[in-house]
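Participant: below is the structure, and that's it, no one-letter string:
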């Protein structure tokens, strides 16, 4: 029941636009290659953007590499093009990425893997709070003794409490054309700058907004894709993931509480019955000594009684 139980919950494959629109994001890589991040245009586009607090540049880069790997492997991008030829070493003997031609899916995949402390992707920077939470849960789970549920509750409140004040503005039809500007508003920028104060649940709740913003920023030619439906599917995925993590947490609490109960009963039994047995042994030893004294006096007393 260690952290692998969480990482197995990840499986973001074509959650949104796949199958709805014939357009896709593979056209980003016909002539571009990404193995040299510094040589690509993306660091320039994202320079000083507060969104990097929620998803570091290395993680965005991994999402782009995964998209390119799928596009080149599935022939959605020309294998003879510059982009596919120069990035072939990244996808060699590797299939651990979403089978989707949309950047949105790959961004959601990377965001959620970081929050689940999944380390499947080389070079993907860990989400420090998730890593801290998992390490804490592991230490509690592997502790030799049982643990009171209250101790788990304190950890749960620390990492899992929803913080409405840090929720980013959602994407909808009314702001679809101005969503980039919406996320760049002062209120949303302040929320992103305070990312270190977000709980894990708050970060999960903002996954779809972060992915939508980045998709519209990095793949502007496909901004007219039905992103509203993709966001709905993304929201369902994040809620499902939160539910599974809550169940995982609950199972640990029940297991350790049961262990504490068993340990307590065993200790009580050892103390109660062990002490009673010891008292009985002491009494028997005393009686044995006293009876031995009586037995030694019998030869002397019998002649006297007979006389």
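Facilitator: Received, thanks. These figures come from a predicted structure and were not determined experimentally. Residues are numbered from 1 along each chain as shown.

Participant: point to the residue nearest the middle of the chain.
Facilitator: For the chain, residue 116 is the residue whose C-alpha lies nearest the centre (Cα atoms, centre = their mean; 1.9 Å).

Participant: helices of this protein, start to end?
Facilitator: Here the chain has its helices, by DSSP state H, at 4-7, 42-46, 57-73, 82-86, 88-91, 103-115, 128-141, 149-160, 179-183, 186-193, 200-205, 207-218, 227-306.

Participant: deepest in the core, which of those helices is it.
Facilitator: helix 103-115 (a mean of 27; mean count of other Cβ atoms under 10 Å). Where C-beta positions appear, they are placed from N, C-alpha and C, glycine not excepted.

Participant: can you say which of the helices of the chain is nearest to residue 172?
Facilitator: Closest to residue 172 of the helices of the chain is helix 227-306 (Cβ to Cβ; 6.8 Å).

Participant: least confident secondary structure element in the chain?
Facilitator: The weakest-scoring helix or strand in the chain, judged by mean pLDDT, DSSP states H and E, is helix 4-7 (a mean of 43).

Participant: now the end-to-end length of stretch 46-58.
Facilitator: Terminal residues of stretch 46-58 are spaced 12 Å apart (Cα to Cα, to the nearest Å).

Participant: er, stretch 200-220 actually
Facilitator: Note: stretch 200-220 ends 29 Å apart using Cα to Cα.

Participant: what do you get for stretch 46-62?
Facilitator: For stretch 46-62, the first-to-last residue distance is 15 Å (Cα to Cα).

Participant: what's it in contact with?
Facilitator: 34, 37, 42-43, 107, 110-111, 114, 121, 123-125, 183, 189, 192-193, 195-196, 203, 206, 210, 213-214, 217-218 (Cβ atoms under 8 Å, 6 or more residues apart in numbering).

Participant: please apply the same query to stretch 114-130.
Facilitator: Contacts of stretch 114-130 (Cβ under 8 Å, 6+ apart): 3, 6-7, 9-10, 55-56, 58-59, 62, 66, 96, 110, 113, 131, 133-134, 159, 198-200, 203-204, 207, 241, 245.

Participant: what do you get for stretch 204-213?
Facilitator: Stretch 204-213 has contacts (Cβ under 8 Å, 6+ apart) with 51, 54-55, 104, 107-108, 111-112, 115, 162, 166-171, 179-180, 183, 198, 227, 230-231, 234-235, 238, 241-242.

Participant: low-confidence ranges in the stretch 201-307 of the chain?
Facilitator: 221-228, 266, 269, 272-275, 277, 288-307 (pLDDT under 70).

Participant: go again using 90 as the cut-off
Facilitator: 215-233, 242-307 (pLDDT under 90).

Participant: tell me the contacts of residue 242?
Facilitator: Residue 242 touches 201, 204, counting by Cβ under 8 Å, 6+ apart.

Participant: for it, give its distance to residue 85.
Facilitator: Distance from residue 242 to residue 85, counting by Cβ to Cβ, to the nearest Å: 41 Å.

Participant: model confidence over stretch 64-76, on average?
Facilitator: Stretch 64-76 shows a mean pLDDT of 83.

Participant: what does stretch 195-202 rub up against?
Facilitator: By Cβ under 8 Å, 6+ apart, stretch 195-202 touches 53-54, 115, 129-130, 133, 158-163, 166-167, 203, 206, 242.

Participant: hmm, back to that, could you dump the helices of the chain into CSV and include distance to residue 27?
Facilitator: Putting the helices of the chain into CSV (distance: least, Cβ to Cβ, whole Å) gives the following:
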stretch, distance to residue 27
helix 4-7, 32
helix 42-46, 15
helix 57-73, 9
helix 82-86, 10
helix 88-91, 18
helix 103-115, 11
helix 128-141, 34
helix 149-160, 40
helix 179-183, 20
helix 186-193, 29
helix 200-205, 31
helix 207-218, 13
helix 227-306, 17
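
Participant: nearest to residue 26, out of these?
Facilitator: Proximity to residue 26 (Cβ to Cβ) singles out helix 57-73 among those, at 3.6 Å.

Participant: pull the distance from that closest one to the chain's centre.
Facilitator: Helix 57-73 sits 21 Å away from the centroid of its parent chain (Cα atoms, centre = their mean, to the nearest Å).

Participant: could you do stretch 233-252 as well?
Facilitator: 10 Å.
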